[in-house]
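*Asks:* Quick one: sequence and predicted model below, then my questions.
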Amino acid sequence: MSKLYVIILLVFTATVYPQSSEDLSKRGLASFGRGDYNAAIADFSRIIELTSRLDTKSDRLRQDFNSRTSPLDDEGTGVTVLDPRTAAAYVNRGKAYFAEGKIEQAISDYDHALTISPTMTAAWLCRGIAHVGGSQLDLAMVDFERAMKLDERLSDSYIGRGTVRQAQGDMPGAVADFDKAVKLDPKNPLVYYFRGESRRRAGNIDAAWEDFEHALKLNPKSAPAYVGRGLIYLRNGKFEAAIDDLTKAITLDGRLGHAIANRGFAYRYLGKQDLAEADFKRAIEMDPTLEADIADGKVRIPAGND
């Protein structure tokens, strides 16, 4: 599962705070949008401070039974929530942590949000995605299915469970989930990409091609759809076309190490060894785990990659 999944798939939880917190929320969201995650974390942390207070075990003995307390660590320190919308700040900060690759901190924030607001669908979804990022697929499945129970018409829940099933090798189950997501959100290009990728892995190439094409019609700047279509070209021996599509994907998102590595194979097949080696080197520098795949002559596309 790539990090991009959480960034593209989920919309930040809407928040309405007193003026100072509202300003911080807007600024934090803007910082996240431009990739300044440290600034976003600082603003969301400040919101949590403004809408809650830290307490200890002795404090809890005296606290008003109407307050809500969320555990922060194993030493008894917690947070007494003064504003139930503190949960939204935890979710948003968790997304910023996740974008920085700090999965454990992200999960901790989602845990706090769910302690405060157990019916907060966005928190279940985000925690599920973080569990996928940490390769905890069983936990992710539980979170996505809990989100489904809260809102059976939320396409993101089916996308999430579909990516888990895809990672587990259950392509029919993944396609079934993506079929449901398509019905719920037919104008979302990512849904078609995810279904196309499961179909491609299952060997249903014609159907996969149609899904990637549809995704590109909905969003001509869909990097994952170009990757999917490029891999079909590569499989069919159309190396120039594969290079063209993979290059488009890499131009749109330079973090796609697997796309760079697969373009290297296309160059190799065309006898352009210098270009191939340059791509392999670049891909390994971005993601050292790709080195073994490159040596084996086949680069695996991450499950749920977008």
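*Replies:* Arrived safely, thanks for sending.
*Asks:* least trustworthy helix or strand in this structure by mean pLDDT?
*Replies:* Here the helix or strand of the chain ranked lowest by mean pLDDT, DSSP states H and E is helix 57-62, holding a mean of 38.
*Asks:* quick one: pLDDT of the closest residue to R161 other than its chain neighbours?
*Replies:* Distances taken as Cβ to Cβ, 6 or more residues apart in numbering place F144 nearest to R161, at 4.3 Å, with adjacent residues excluded. To be clear about C-beta, it is placed using only N, CA and C from the backbone, and glycine gets the same treatment. The model reports F144 with a pLDDT of 97.
*Asks:* where does the stretch 1-150 of the chain dip in pLDDT?
*Replies:* 1-19, 53-84 (pLDDT under 70).
*Asks:* Just the strands from it, written as ranges.
*Replies:* Taking DSSP state E, counting those that start in this stretch as the criterion, the stretch 1-150 of the chain carries its strands at 52-55, 68-71, 78-81.
*Asks:* So what's the residue count around the residue nearest to R161?
*Replies:* 28 (other Cβ atoms under 10 Å).
*Asks:* next one: A89
*Replies:* For A89, the tally of surrounding residues (other Cβ under 10 Å) stands at 30.
*Asks:* now swap in P118 and tell me
*Replies:* 12.
*Asks:* Could you check how far it is from R235?
*Replies:* Between P118 and R235 the distance is 46 Å, computed by Cβ to Cβ, to the nearest Å.
*Asks:* ok, now G33?
*Replies:* From G33 to R235 the distance is 36 Å (Cβ to Cβ).
*Asks:* what residues are up against A259?
*Replies:* Residues counted as contacts of A259 (Cβ atoms under 8 Å, 6 or more residues apart in numbering) are A223, V227, G230, L246, A249, I250.
*Asks:* Please report the distance of it from R282.
*Replies:* 11 Å.
*Asks:* same thing with D211?
*Replies:* 28 Å.
*Asks:* and the two? which has more neighbours close in?
*Replies:* Neighbours per residue (other Cβ under 10 Å) separate D211 from R282, with D211 holding more: 27 against 16.
*Asks:* quick one, helices of the stretch 101-250 of the chain?
*Replies:* 103-116, 121-133, 137-150, 155-167, 171-184, 189-201, 205-218, 223-235, 239-252 (DSSP state H, counting those that start in this stretch).
*Asks:* Let me know which of these is the nearest to V299.
*Replies:* Closest approach to V299 among the helices of the stretch 101-250 of the chain (Cβ to Cβ): helix 223-235, 9.5 Å.
*Asks:* Report the rounded mean pLDDT for the closest one.
*Replies:* 96.
*Asks:* Give me the contact list for that helix.
*Replies:* 189-190, 192-193, 196-197, 200, 205, 208-209, 211-213, 215-216, 219, 239, 241-246, 248-250, 252-253, 256, 258-259, 262-263, 265-266, 301, 305-306.
*Asks:* Can you flag the buried ones in those?
*Replies:* 189-190, 192-193, 196-197, 200, 208-209, 211-212, 215-216, 219, 239, 241-246, 248-250, 252-253, 256, 258-259, 262-263, 265-266, 301, 305-306 (16 or more other Cβ atoms under 10 Å).
*Asks:* Tell me how far Y90 lies from A42.
*Replies:* Noted for Y90: a distance of 14 Å to A42, by Cβ to Cβ.
*Asks:* In terms of neighbours, single out the busier of those two.
*Replies:* Neighbour count, other Cβ under 10 Å: between Y90 and A42, Y90 has more, with 32 against 16.
*Asks:* and the residue lying closest to the more buried one once chain neighbours are set aside, how many neighbours does it have?
*Replies:* Among residues not flanking Y90 along the chain, A113 sits closest, at 4.0 Å (Cβ to Cβ, 6+ apart). For A113, the count of nearby residues is 27 (other Cβ under 10 Å).
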